[in-house]
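*Asks:* starting from these lines, generate the structure:
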Amino acid sequence: MTHQGAEGKVAPLDATQLAVERTRLAHERTLMGWIRTATSLISFGFTIYKFFQFVRKENKIQHPDYFLGPREFALIMILAGLVALVLATVQHHRYIRRFLELDFGHFRRLRGVHRANTRRLPVAIGQGRCGE
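*Replies:* Residues are numbered from 1 along each chain as shown. Here you go, the predicted structure:
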C-alpha cells in the first residue's frame, strides 16, 4: 500500500499505518455485522407477526390468551434489533473518536467525513430521508 505525501511523491505505508488501517477496517466490519444482525431481528419480528396474523385470518382461529403472544414476541424482536443497532452505532462512534484522538497522520482526513456524517445522520433520520 502507498500514500501520497505532501510533496506529491508516493511513499509506502509503514507498519503502524497499516496496523491502524486494518484495525479501522475491522471496526467497520464489526459494525456491518451488527447492522446485519439487527436487520435480521427486525425483519424476523415483522415476519412472525404477519405469519400468525395470516394464519389467524385464514383459519378464523381466535388467538388464545397467551402471556407472550405473536404480537408481543414480534415487538420484543423488533425492539431487540433496534437496541442492538443503536448500541452498535454508539460503540462504533466511540472507536472512531478514539482513533481520531490518537491523531495518526493519514487518519486526519477522516475527521471531516466523520463529523459531517455524525451531524447529518440525525437530521436524515428525523426527516425520514435516510435512503434518499
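
*Asks:* quick one: the strands in the protein?
*Replies:* 2-4, 10-12 (DSSP state E).

*Asks:* by mean pLDDT, show me the worst of the ones you listed.
*Replies:* Among the strands of the chain, strand 2-4 carries the lowest mean pLDDT, at a mean of 54.

*Asks:* other SSEs contacting the longest helix anywhere in the chain?
*Replies:* Determined from DSSP state H, the single longest helix within the chain is helix 15-59. For helix 15-59, the packing partners by 3 or more Cβ pairs under 8 Å, 6 or more residues apart in numbering; DSSP states H and E come out as helix 70-102. Every residue, glycine included, has its C-beta placed from N, CA and C.

*Asks:* now do the buried residues in the helix it packs on.
*Replies:* 70, 73-74, 77-78, 80-81, 84-85, 88, 92, 95-96, 99 (16 or more other Cβ atoms under 10 Å).

*Asks:* relative to helix 15-59, how tilted is that helix?
*Replies:* Counting by axes from the mean of the first three to the mean of the last three Cα atoms, to 10 degrees, helix 70-102 points 170 degrees away from the direction of helix 15-59.

*Asks:* give the rounded mean pLDDT of helix 70-102.
*Replies:* pLDDT averaged over helix 70-102 gives 90.

*Asks:* quick one: average pLDDT of stretch 43-60?
*Replies:* Rounded mean pLDDT across stretch 43-60 is 86.

*Asks:* give me the buried positions along it.
*Replies:* Buried residues in stretch 43-60 (16+ other Cβ under 10 Å): 44-45, 48-49, 52.
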